[in-house]
Structures are given as structure tokens and as C-alpha cells.
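[1] Just a sequence and a predicted model for now, questions to come.
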Protein chains: 2
Amino acid sequence: MVLYVNGQASSEITPLDRGLAYGDGLFETIALVGKQVQLWPAHHQRLQQGLLRLGIHTDYATLYQQLCHDVTQALQQWHHDRGVLKITLTRGQGGRGYLPPIEPCLTRIVHISAWPKGRDKVSIEGASLHLCQHPWSHNTALAGLKHLNRLDQVLARQEWHDDGLHEGLMLNQRGQVQSGVMSNVFVQHQAQLYTPCHASAGIDGIMAKQVVQLAKRLGIKVYQQALDLDFVLASEGLFLTNSLNGIWPVVSLAAQSFPITGLTRDLQSVLVGHLETHTELLTC
Amino acid sequence: MVLYVNGQASSEITPLDRGLAYGDGLFETIALVGKQVQLWPAHHQRLQQGLLRLGIHTDYATLYQQLCHDVTQALQQWHHDRGVLKITLTRGQGGRGYLPPIEPCLTRIVHISAWPKGRDKVSIEGASLHLCQHPWSHNTALAGLKHLNRLDQVLARQEWHDDGLHEGLMLNQRGQVQSGVMSNVFVQHQAQLYTPCHASAGIDGIMAKQVVQLAKRLGIKVYQQALDLDFVLASEGLFLTNSLNGIWPVVSLAAQSFPITGLTRDLQSVLVGHLETHTELLTC
């Protein structure tokens, strides 16, 4: 495990950080292949957009250089085939209560940890899903962001402790399918794909975006729209995406079985090649 | 400023704490009068209930002793007439991603800071309110809790920087009046009081609960129900409550003026006496 705080090898932040007090910040979870970073441009662009949407004003060019420097330093301490790079940015300390400082001094946390065990097998054999009772909060202003207010995911995730269940499917406040707890969801109907909107809940997933682009290149239409649970249960197949897992086919949900479709396997295959060409050494 | 982490004078926590990663925790903001703590039983009971609702399993009797010990120690370093005691409890470190540890080792943060300036004047002269654009997130499972997912309040609070505006009024997802950014709201119609439900948003305020009890003792009926903005704007008067401010009469909202009613002044007067008898030295 490697941990850097504001460019220093450190395992400490102040308890007064707004990230802790209010969840006032953002994070990215990124796959590492050796010392190479997967989909780096997409991840740091999402951070930049998130800062804008939260009204966290900062000189992004400088911040970008600092992040590159932090990550590069941290990677020098990392000596494994694969790893998980987590970058957390908070609005730092200060302000008066909820009121943020106008010129915040951001806290940067760079954390590299071991690749989670058992996930590759799920990519091959498929995932069994728990249908979560806890739904997404509804809020258009926060929807799509990978911010630090993640109690919805914590409460949904603690609904099951059966290791035979690999992920949970979460609904939104309207009872429609919104996402996995840690993933985005795609549903197949008649060789076309459907994935939920993030207008009022959900996270704009980096891997989901790649998969949409790849599907389009393969001539597969992808519709982003509200998805009723019945529509999902009546689908030919479904899969989940996230930055570490790539594509996870779903083989069961709510006591119903699903086949792993040829389309899902095709996308998995194309994605592997795509990610190989989008994994890079940071240069900054 | 006095800061204790897990019973030690400290200004450090690990960046891996779930409080930072996910906002996985709770907090209380409590008025101090010298070394005495206001409404302590109500505050620690809300913490206990919040832990239960978040599924944070802990031996509360032991935790209560630890909190008493932490607060008592911190108060020994505090030498001012008044102060603000903030207690933060997080689910600590560990788990796998969103999945919490089954037996969490909670992080306790006890922070005492200076009494905020200028607030007493507002109690006398009344508060001018900004009408916030950013609404509360809608989620029945999280509503009422004073948890650490507070981006709604941060985004609402950063809408204004005019020191002549003392608080913001927040709506819920249905466009109804929900609360102040840092307070609960009560509206007067024909000598009766109305305050919003917390079924889908809002915080179950400690001071609001005291005020409801005191109003009932004075023979004033209090209805908890959904409040349309028009109903609030057409009211005879309104006021805000929170643990530091007690009762703040509202004198303006959205370019409309309001009188400070006799009922509000009566409640302020009764509340002062009530708080004096509910401020105590901790004994543990």
C-alpha cells in the first residue's frame, strides 16, 4: 500500500478537512497495469468537470501537474503487476461551517492498493446480483458526479454478506434500475443496448463511456433512457462496467438466470484490446 | 481550538477513514456554556439512533463512556465563556470498498471551537434569508439523519456571499420548503405553528424538538406537514432553530419582509430559561 497526501508520503490528514466534515470532494478509482495508468485522460477530465460542478475553484493546470507528480512518485513505490490507484480531492480545510473558502487549498490523496482478488473469474463466469432495497438519492445537481457523499452505496452494499453475490443492483427513487453499487449497467434487447440516464442519480462511469464508444464502433445502438426493472428482467442479457472490472456479464438477478450473450463476449474482447492501447506511463 | 481524536489530543486521522472516503458517519454540533454542555442527553441519543439507522454496530454503553471521557478531557483545555462542541463519529477504517467491516472500530473526533461572532444580534434583530436554488436530495432512508453526506448544504450555502444574508431557505425535490441550510424552520399561521416533515429530507433537529415541546406547553399547536413556499410567504411570521442559535426570527425572505411576532418572542423567552436548566456538567 502506498499513500501520498499533498505530495508527501503520509498517512495523516486533519480531521478538520471538509472532505471528512461534509464529503466535500471527489474521487477516482483507476486501474494500474504495472506502473502504467489506465484511461488517465478520461479520469482526470472527470475530476476537472467535478470540481467545476461543485464550485471548487482552482487553477486546474497547476493541480494537474501536482497530481501527475504525486502519482508518479507513488508509482515509484509500487512494484506489482497490477494495482488500484485511488485519487481523492477535497476542498481542504477552512471556510465558515458549510460555507466553503473562496480560494480553497485542496487536499490531494493518492492511494495505491492491491488488485482485488477474485474479480477476473467473475469477468469469465459472470456475476450474481443482489437486488438492493436501498435506493439512490434523487438530486439532479449531484447526479453523475463521483463525489464523496456515498452513504447510498454503503447502505446498499451492506445489505448482503454472501460471497456468492458479486454486486448489487440499485434502483432510483422512481423504482427504476439505476446502476450497480460500484458499476454501471447495460441491458440487451434485440441486439441493442440500453443504459440508465444520470439526470437525477448515478455516476457518469469512465468504463461505461468506453463501452458505449466501442459498441457504436461495432454497429450496436446504445440508448440512454429510464429502465424499468421489468424491462431489465425481460432482457436477453445484461452486464456491468467499472474501471477495475471492465465488463462483468450478469448471470443471475433476483433468482432469475441470464445467459452471457455473444454481444457481451464481443464487447469484452474488443475492450481488452482498447484498454491495452489506452494504458500509459504518465509524462508530466 | 481543542481537538481530540479517539481520546488523544491530536490533529490527525488516516486518509483511509470511511468518514472521508464515503461520508460514512455522523456528527453533532452542541452549544457550550463555559464547561457545561447544552442538551447533552438529546445530542448523544441522536448519535445512538443515527448509528442504528446507518447499521454501524457498536457497544453503545462503551462508546458513551468514551465520548464522555473525550469531551471531559477536551473541556479541561477550554477556557472561554461559550464555545461550540462538535462530535464526529465515523465507521473508522476498513471493509472492502463500500462494504463496511462487520465489527467497525469507530473514529471519535471531539472538536471545540470559538463561538461564532454576530449570531446573538440576529436573535434580537432577526435574520434575512436567501432562497436557495440547490434543493435537498430526496431519500427516505437517509432523511432526518445528521450524517456526513452534506454536499447539499455546501452547495446551497455557497450560493450567497452577502454578509447581510444570515441563512438560506432550502426546498426539497417537490419544491416545498424543507429547512434552513443549518437550521429547521417554523411558520406561524393564526397562532399555530407549522414545520416540515423529515420523511424524505431534512434533519431531525435537537433545538426544533425542544421548541415543539415548549410551544405545546404554552398551548400552541404545532403541525408537522409539507409546506408550500406560498404558504410560508403568506405566513404571519417564521423563525429558524438550531443548536447554537436557539430561535432566529426571520425578517426577510425573497424580497418580502416579515414581522417578528409576539409568539416568536414568547418562545425565545421561554427557551432561554429552558436551556439554562438543560445545560450540565458531564458526569461519567
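    Thanks, I have it.

[2] Name the SS class of the residue nearest to residue A:73 when sequence neighbours are not counted, please.
    Nearest residue to residue A:73, sequence neighbours excluded (CB to CB, 6 or more residues apart in numbering or on different chains): residue A:4, at 6.3 Å. Where C-beta positions appear, they are placed from N, C-alpha and C, glycine not excepted. Recorded secondary structure, residue A:4: strand (DSSP: H, G, I helix; E, B strand; the rest coil).

[3] so what pLDDT did residue A:4 get?
    Turning to residue A:4, the model gives it a pLDDT of 97.

[4] who's in contact with it?
    Residue A:4 makes contact with A:10, A:70, A:73-74, A:108-111, according to CB atoms under 8 Å, 6 or more residues apart in numbering or on different chains.

[5] switch the cut-off to 6 Å
    Contact analysis of residue A:4 by CB atoms under 6 Å, 6 or more residues apart in numbering or on different chains lists A:70, A:74, A:110.

[6] wait, which of these is closest to chain B?
    residue A:110 (9.4 Å; CB to the nearest CB).

[7] Sticking with residue A:115, tell me its helix or strand.
    Residue A:115 is part of no helix or strand, with elements assigned from DSSP states H and E.

[8] Look up the pLDDT of it for me, please.
    The model's pLDDT for residue A:115 equals 96.

[9] just checking, it touches residue A:80?
    No - with contact defined as CB atoms under 6 Å, residue A:115 does not reach residue A:80; the gap is 7.3 Å.

[10] Compare the two (neighbour count), which wins?
    residue A:115 (15 against 12; other CB atoms under 10 Å in any protein chain shown).

[11] Please work out how many residues are found near residue A:6.
    Look at residue A:6: counted by other CB under 10 Å, it has 15 neighbours.

[12] Look up phi and psi at the residue lying closest to residue A:250 once chain neighbours are set aside.
    Closest residue in space to residue A:250, ignoring its immediate chain neighbours: residue A:238 at 4.7 Å, by CB to CB, 6+ apart. Torsion angles at residue A:238 (phi, psi; degrees, to the nearest 10) stand at phi -150, psi 160.

[13] got it, and residue A:217?
    phi -60, psi -30.

[14] for residue A:245, same thing?
    Taking degrees, to the nearest 10, you get phi -90, psi -10 for the backbone angles of residue A:245.

[15] swap in residue A:72?
    Residue A:72 adopts backbone torsions of phi -60, psi -40, taken as degrees, to the nearest 10.

[16] Isn't it up against residue A:283?
    No - with contact defined as CB under 6 Å, residue A:72 does not count as touching residue A:283 (8.8 Å).

[17] just to revisit the earlier point, look up which residues are beta-bridged to the residue nearest to residue A:73.
    Beta bridges link residue A:4 to residue A:9, residue A:110, judged by DSSP bridges.

[18] distance of it from residue A:245?
    25 Å (CB to CB, to the nearest Å).

[19] Then residue A:83?
    Distance from residue A:83 to residue A:245, by CB to CB: 15 Å.

[20] Also residue A:123?
    For residue A:123 relative to residue A:245 (CB to CB), the value is 7 Å.

[21] One more: residue A:136?
    Distance of residue A:136 to residue A:245, given as CB to CB: 20 Å.

[22] thinking again about what came up before, who's more crowded, residue A:72 and residue A:283?
    The residue with more neighbours, out of residue A:72 and residue A:283, is residue A:72; 16 against 6, by other CB under 10 Å.

[23] what residues are up against the more buried one?
    residue A:282.

[24] residues in chain A within reach of chain B, list them.
    Residues of chain A found near chain B (CB under 6 Å from any CB of the partner chain) are A:5, A:11-15, A:19-20, A:22-24, A:55, A:98-100, A:109, A:134, A:137-139, A:141, A:147-151, A:153-154, A:157-158, A:173, A:181.

[25] And the residue of the stretch 151-284 of chain A that's closest to chain B?
    For the stretch 151-284 of chain A, the residue closest to chain B is residue A:157, as judged by CB to the nearest CB, at 3.9 Å.

[26] residues in contact with the nearest residue to that residue once chain neighbours are set aside?
    Using CB to CB, 6+ apart and skipping residues adjacent in sequence, the residue nearest residue A:157 is residue B:98, 3.9 Å away. Contacts for residue B:98 were tallied using CB under 6 Å, 6+ apart; they are A:153-154, A:157, A:181.

[27] and if you look at residue A:71?
    A:110, A:282.

[28] Can you read off the pLDDT for it?
    Looking at residue A:71, its pLDDT is 97.

[29] Name the helix or strand for it, please.
    Per DSSP H and E, residue A:71 falls inside helix A:60-76.

[30] Which strands or helices does the very next helix or strand once past that helix pack on?
    Sequence-wise, the next helix or strand downstream of helix A:60-76 (DSSP H and E) is strand A:82-90. Here strand A:82-90 touches strand A:25-33, strand A:107-113, going by 3 or more CB pairs under 6 Å, 6 or more residues apart in numbering or on different chains; DSSP states H and E.

[31] now with 10 Å?
    The helices and strands touching strand A:82-90, judged by 3 or more CB pairs under 10 Å, 6 or more residues apart in numbering or on different chains; DSSP states H and E, are strand A:2-5, helix A:18-22, strand A:25-33, strand A:36-38, helix A:40-53, helix A:60-76, strand A:107-113, helix B:18-22.

[32] how far is it from where the chain is centred?
    Centroid separation between strand A:82-90 and its chain, computed with CA atoms, centre = their mean, to the nearest Å, is 11 Å.

[33] and if you look at stretch A:190-202?
    Here the centre of stretch A:190-202 is set off from its chain's centre by 16 Å, with CA atoms, centre = their mean.

[34] Go through that stretch and flag the buried ones.
    Within stretch A:190-202, the residues scored as buried using 16 or more other CB atoms under 10 Å in any protein chain shown are A:193-198, A:200-202.

[35] In strands, which of these fall?
    Here DSSP state E is the test, and these give A:193-195 as lying in strands.

[36] Ramachandran angles for the residue lying farthest from the centre of chain A?
    In chain A, counting by CA atoms, centre = their mean, residue A:96 sits farthest out from the average C-alpha position, at 31.1 Å. As for residue A:96, its main-chain torsions (degrees, to the nearest 10) stand at phi -120, psi 110.

[37] Kindly report the same for residue A:173.
    phi -70, psi -20.

[38] Quick check: it touching residue A:136?
    Yes - if you go by CB atoms under 10 Å, residue A:173 and residue A:136 touch, sitting 6.8 Å apart.

[39] and the helices and strands packed on strand A:82-90 as TSV, adding distance to residue A:227?
    Converted to TSV, the helices and strands packed on strand A:82-90 look like this (distance: least, CB to CB, whole Å):
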stretch	distance to residue A:227
strand A:2-5	39
helix A:18-22	32
strand A:25-33	24
strand A:36-38	28
helix A:40-53	23
helix A:60-76	34
strand A:107-113	33
helix B:18-22	26
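
[40] For residue B:225, which of the ones you listed is the nearest?
    Closest to residue B:225 of the helices and strands packed on strand A:82-90 is helix A:18-22 (CB to CB; 28.9 Å).

[41] Quick check: closest non-adjacent residue to residue A:174.
    Leaving aside its sequence neighbours, residue A:174 sits nearest to residue A:226 (CB to CB, 6+ apart; 7.4 Å).

[42] dump the residue contacts of that neighbour.
    Contact analysis of residue A:226 by CB atoms under 10 Å, 6 or more residues apart in numbering or on different chains lists A:172, A:174, A:176-178, A:194, A:196-197, A:199-200.
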